[in-house]
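A.B. asks: Prediction below, plus the sequence it came from.
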Amino acid sequence: MGKNTLLAVGGGGLSAAASLMALLGSPLGVAAAYVAPLPILLVGLALGSNAAGIAASAGLVVVALVGGTVAAGVYSGMHALPSWLVVHQALLRRPVSPQGTGDGWYPIGLLVAVMALLGAFVSASTALAGGDGDGIEAAITSILGGVMEVAAPGFDAEQRQMLVGSLAPVFVGFSAVTWLAMIVLNAVAAQAILTRRGIAIRPTPKWSALSLPDWLGWVLAAAAAIGLIASGDAAYLARNCALVLSAPYFLLGLAVVHGLAQRGRSPGMVLVLFYMLLGVFFALAAAVVALIGMIAAWSGRRTPGGGASGGAAGDSRLD
């Protein structure tokens, strides 16, 4: 067994250990679960997609042996397969013709769009499979009500009902967005660590030039339209899918905000204030930022140095 294979197996073991901490009820389990993709991404972005596949397989075997088949299924869907997919797509490269643009690497904006589409499909399929005769939203409301009784015993019945009522309509979409953010942040962290050590295969992309494929806007518009005109489970799933599909535009909006801030006299101060407002008024501010991203993509206008909507494969580079 070669050195790279040993490193890949070790990375998979670390990923599995992080995931199992959450499944086995460790106090640090939730935090550990959020970094479970990191070892696989580190291995893959440094050694290639084959190494990422070995790491993902090793992690899956460990989780299956310790936690059983259900735990292995959760680990595979949330961490192992998405991490391998990110590595595989991120390391694809085509030769660049003398007249071509970009550097030939798989566009990061396209990768984010594909992962958002995958997240929307998987979350909607899971919710559809888990629904009951009263509908998906009713089933989720019932589940959340039981969870809140355990997680928030200090709340009275009315407070729990209000909280559940605000979470249930967007729970499926919000869960998928959280998963997407986890994968993106881990990928960014892995690339930063490897770049600092000089062992990253791919040059670090720049988010300031992020661009998204045109087809994403059409899929988002279709989901939003179905959510408005349909009823029942179809409307619920469409609205939640639209929430997931808007996440890449939130990232694009952040790129626009950063570009605008860099044109001012005190970009650091502007960005600190912006992120403070984003943290305090997250739901409203995030919607505004996503709207900015949509306007930038659909109008083709961006700040200097930024990209725009890019057909089937808009390019991107990450600061």
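C.D. replies: Nice, thanks for sending it over. Residues are numbered from 1 along each chain as shown.

A.B. asks: Show me the shaky parts of the stretch 201-319 of the chain.
C.D. replies: 301-319 (pLDDT under 70).

A.B. asks: Quick one: residues in contact with whichever strand or helix holds L243.
C.D. replies: Using DSSP states H and E, L243 maps to helix 232-245. Defining contact as C-beta atoms under 8 Å, 6 or more residues apart in numbering, one finds that helix 232-245 is touched by 116-117, 119-120, 123-124, 127-128, 131, 135-137, 169-174, 176-177, 180, 216, 219-220, 223-224, 226-228, 230. In this view, the C-beta of every residue, glycine as well, is placed from N, C-alpha and C.

A.B. asks: List the buried residues for the helix or strand just after it?
C.D. replies: As assigned by DSSP H and E, the chain's next helix or strand after helix 232-245 is helix 247-262. Across helix 247-262, burial judged by 16 or more other C-beta atoms under 10 Å covers 247-261.

A.B. asks: which helices and strands sit right next to helix 247-262?
C.D. replies: On a contact count with 3 or more C-beta pairs under 8 Å, 6 or more residues apart in numbering; DSSP states H and E, helix 247-262 meets helix 108-130, helix 171-197, helix 267-280, helix 282-299.

A.B. asks: what about dumping the CA coordinates of the shortest one to CSV?
C.D. replies: In CSV, the C-alpha atoms belonging to helix 267-280 read as follows (Å, rounded to 0.1, in the frame of the first residue of the first chain):
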residue,chain,number,x,y,z
PRO,A,267,-13.2,48.7,2.4
GLY,A,268,-12.4,47.0,5.7
MET,A,269,-14.8,49.2,7.7
VAL,A,270,-17.5,48.8,5.1
LEU,A,271,-17.2,45.0,5.2
VAL,A,272,-17.2,44.8,9.0
LEU,A,273,-20.4,46.9,9.1
PHE,A,274,-21.9,44.8,6.4
TYR,A,275,-21.2,41.5,8.1
MET,A,276,-22.5,42.9,11.4
LEU,A,277,-25.8,43.8,9.8
LEU,A,278,-25.8,40.4,8.1
GLY,A,279,-25.4,38.6,11.4
VAL,A,280,-28.1,40.7,13.2
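
A.B. asks: one step back: of the helices and strands packed on helix 247-262, which approaches S19 most closely?
C.D. replies: helix 171-197 (11.8 Å; C-beta to C-beta).

A.B. asks: Off-centre distance for the helix holding L243?
C.D. replies: Centroid separation for helix 232-245 versus its chain: 17 Å, with C-alpha atoms, centre = their mean, to the nearest Å.
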